[in-house]
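the amino acid sequence is not available; the structure is as follows:
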């Protein structure tokens, strides 16, 4: 193995999805996985296969379509978990099982209620069983940040002998300082020697996740576990974009260390994840935030005009932000110019059907909006690819409301070849829209979250609406996306999108069960 190469394991689809409000359906996960492959991620932790039929379906389908990244499934040190992971990743060109057990005194005493000897026995059996499915097994010592060094060495010796080739040392609760974590990694990396790769998985509870990741790399870790936009449990994980760009930018500190990440795909990856989850990075988020390359101070602007390096240690184009790419398309622009534009924005694998639909939406938008920007086009294309499962399709919407009147919505929906029309009143305009759609489709949804953002600036900006809806108490919530200059129209599209996503998943899982029977 190249000792200078830092393996990047992305866990956006597993730990990132555990962020409140960030769950994705299978098709959305596949789109993210394909983008991660394009980004150059070495290992994609595609999910927790044993968690649910939906998770198993997502991991197994990702395993079938991704060819250049290893597909990994997480599992507890339990036989059924490991078996489900092994079955889910079996069709991948490259595959891995990642199994774990807690090793800190507090976890062993209160959560596991197991002795040290029992933990080691369980860990060894988990690795040996995982090896019956795959050759590549990663083992995590959960809560390593609060575990005893001498006990971790015992566990490492045992699981490496059992066949684990990667040992992960997670700071599960984000407790350690960079100096502390670095010292721990150094000691355990020296202890492992050439027997296994040392990995780190750092949480951001104290805002130190990326600092801890970089400290670990400088002290011998050769795999980092990260997420796009820093998504993850509680305060999130170390952000892929931050760790990768720090290694790339600070050659004086990291020397010959490198990753295989195609950094020009960082911004497109960030935008796709934000669009799908509906969780936007904060404006001043490092690397991918809206203000990351903005300069408002007069002193900064003066310096930038004289030399870009006065106030920028990275170039926007290094992460895929092209300041000179904003060739404004308008209503007279043709299909060839539109295709050229979306390919320049990174959509080189879009189908002809998606292209044609997105182009028609672009022409309609250009009739209403003076300037159609790159962000508008990126959102149009992404929105079309996210809403291709259309059991129900919105045909028209008419609403009526005033300060002293009763809100009303009239909705027309296409189902198969039939257009259905219904109207209803509600406690507000949105409520009237949702009740009307429920009456038309026969499905009653419970809205869990609703978010509307402006794609660009200006009064004629596109509204991007993201809804999270539960249609069945026994199923998870489903995300819907809607895009329109009219916010209420975007709202109706988003609610229908969530329903279509639910129905698509339900139908696919039903077919899978029939095949299994």
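Ah, there it is. Just so you know, these numbers come straight off a predicted model, no measurement behind them.

hey, let's count contacts and neighbours off CA atoms from now on
Fine.

who's in contact with the residue in the chain sticking out farthest from the centre?
In the chain, the residue that sits farthest from the middle, by C-alpha atoms, centre = their mean, is residue 404; the gap is 43.6 Å. Residues near residue 404 by C-alpha atoms under 8 Å, 6 or more residues apart in numbering: none.

just the element for it, please.
Under DSSP states H and E, no helix or strand contains residue 404.

tell me where the stretch 401-517 of the chain has helices.
Along the stretch 401-517 of the chain, the segments classed as helices by DSSP state H, counting those that start in this stretch run 429-441, 487-516.

out of those, flag the one nearest residue 449.
Evaluated over the helices of the stretch 401-517 of the chain, closeness to residue 449 peaks at helix 487-516, with 10.8 Å, by C-alpha to C-alpha.

and that closest one, average pLDDT?
When pLDDT is averaged along helix 487-516, the result is 81.

packing partners for it?
Contacts defined by 3 or more C-alpha pairs under 8 Å, 6 or more residues apart in numbering; DSSP states H and E place helix 487-516 against helix 53-65, strand 392-400, helix 429-441, strand 463-470, strand 478-484.

ok so, going back, the helices of the stretch 401-517 of the chain into TSV, with extra columns for distance to residue 222?
Compiled in TSV, the helices of the stretch 401-517 of the chain are given as follows (distance: least, C-alpha to C-alpha, whole Å):
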stretch	distance to residue 222
helix 429-441	50
helix 487-516	37
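
now those as TSV including distance to residue 41 and mean neighbour count?
Putting the helices of the stretch 401-517 of the chain into TSV (distance: least, C-alpha to C-alpha, whole Å; neighbours: other C-alpha atoms under 10 Å) gives the following:
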stretch	distance to residue 41	mean neighbour count
helix 429-441	40	20
helix 487-516	27	19
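
residue 410: which of the ones you listed is closest?
Checking the helices of the stretch 401-517 of the chain against residue 410 by C-alpha to C-alpha gives helix 429-441 as the closest, at 7.1 Å.

buried residues in the helix or strand harbouring residue 361?
Assessed by DSSP H and E, residue 361 sits inside helix 352-368. Neighbour-count burial for helix 352-368, counted by 16 or more other C-alpha atoms under 10 Å, picks out 354-355, 358-359, 361-363, 365-366.

angle of it against strand 478-484?
Here helix 352-368 points in a direction 40 degrees away from that of strand 478-484 (axes from the mean of the first three to the mean of the last three C-alpha atoms, to 10 degrees).

sorry, back to before: tell me the one of the buried residues of helix 352-368 nearest residue 46?
residue 354 (25.3 Å).

looking at it, that closest one is touching residue 385, isn't it?
Yes. Here residue 354 reaches residue 385: they are 6.5 Å apart, a contact under C-alpha atoms under 8 Å.

if we can go back for a sec, among the helices of the stretch 401-517 of the chain, which comes closest to residue 234?
For these, the distance to residue 234 is smallest for helix 487-516, at 24.8 Å, taking C-alpha to C-alpha.

re earlier: in the buried residues of helix 352-368, find the pair that's most separated.
The most widely separated members of the buried residues of helix 352-368, counting by C-alpha to C-alpha, are 354 and 366 (18.0 Å).

for residue 223, which of the helices of the stretch 401-517 of the chain is the nearest?
Closest to residue 223 of the helices of the stretch 401-517 of the chain is helix 487-516 (C-alpha to C-alpha; 33.7 Å).

near residue 460, how many residues? Count them for me, please.
By other C-alpha atoms under 10 Å, the residues close to residue 460 number 16.

what do you get for residue 216?
Using other C-alpha under 10 Å, residue 216 has 30 neighbouring residues.

so it sits in a strand?
No. Assigned with DSSP: H, G, I helix; E, B strand; the rest coil, residue 216 falls outside any strand and is helix.

verify the stated contact: it with residue 198.
No. Here residue 216 does not reach residue 198: they are 9.2 Å apart, not a contact under C-alpha under 8 Å.

quick check: residue 380 touching residue 362?
Yes. If you go by C-alpha under 8 Å, residue 380 and residue 362 touch, sitting 7.2 Å apart.

show me where the stretch 151-300 of the chain dips below the pLDDT cut-off.
Along the stretch 151-300 of the chain, segments meeting pLDDT under 70 span 294-300.

I figured residue 36 was touching residue 269, is that so?
Yes. Using C-alpha under 8 Å, residue 36 makes contact with residue 269 at a distance of 7.1 Å.

which residues touch residue 415?
Neighbour list for residue 415: 391-393 [criterion: C-alpha under 8 Å, 6+ apart].

write the PyMOL selection for whichever of those residues are buried.
Typed into PyMOL, the line below selects the buried ones among the contacts of residue 415, using 16+ other C-alpha under 10 Å:
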select buried, resi 392+393
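
TSV for the contacts of residue 415, including pLDDT?
As requested, those are exported to TSV (pLDDT from 0 to 100):
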residue	pLDDT
391	90
392	95
393	94
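
which secondary structure state does residue 288 sit in?
Going by three-state DSSP: residue 288 is coil.

skipping adjacent residues, who's closest to it in space?
Spatial nearest neighbour of residue 288, excluding adjacent residues (C-alpha to C-alpha, 6 or more residues apart in numbering): residue 267 at 6.2 Å.

what's the neighbour count on that neighbour?
When neighbours are defined as other C-alpha under 10 Å, residue 267 has 23 of them.

helix/strand/coil for residue 213?
Residue 213 - assigned by three-state DSSP - is helix.

just to check, it is in contact with residue 201?
Yes. Counting by C-alpha under 8 Å, residue 201 is a contact partner of residue 213 at 7.5 Å.

and for those two, which residues touch both?
Residues touching both residue 213 and residue 201 (C-alpha under 8 Å, 6+ apart): 224, 238.

neighbour count winner among those two?
Taking neighbours as other C-alpha under 10 Å, residue 213 and residue 201 compare with residue 213 leading, 30 against 27.

for the more buried one, give me its contacts.
Residue 213 is in contact with 200-202, 224, 238, 243, counting by C-alpha under 8 Å, 6+ apart.

give me that answer again for 10 Å
171, 178, 181-182, 199-203, 219, 221, 223-226, 237-239, 242-243 (C-alpha atoms under 10 Å, 6 or more residues apart in numbering).

ok, now residue 348?
Per C-alpha under 10 Å, 6+ apart, neighbours of residue 348: 339-340, 342.

report the buried members of those.
Using 16+ other C-alpha under 10 Å, the buried members of the contacts of residue 348 are 339, 342.

ok, the contacts of residue 348 vs residue 24, which is closest?
Residue 24 lies nearest to residue 342 out of the contacts of residue 348, by C-alpha to C-alpha, at 24.2 Å.

is the closest one in contact with residue 381, as I believe?
Yes. At 7.9 Å, residue 342 counts as touching residue 381 under the criterion of C-alpha atoms under 10 Å.

what is in contact with these two at once?
350, 355.

hmm, back to that, so which of the helices and strands packed on helix 487-516 gets nearest residue 451?
strand 463-470 (5.2 Å).

paired strands for the closest one, with orientation please.
strand 446-454 (antiparallel), strand 478-484 (antiparallel) (DSSP bridges).

quick one on the thing from earlier: can you give me the pLDDT of the residue farthest from the centre of the chain?
Reading off the confidence values, residue 404 has pLDDT 79.

and residue 132, by the same measure?
If you check residue 132, the pLDDT there is 98.

in contact with it, which residues?
82-83, 86.

tell me which of the helices of the stretch 401-517 of the chain sits nearest to residue 249.
Comparing the helices of the stretch 401-517 of the chain by C-alpha to C-alpha, helix 487-516 comes nearest, at 39.8 Å.
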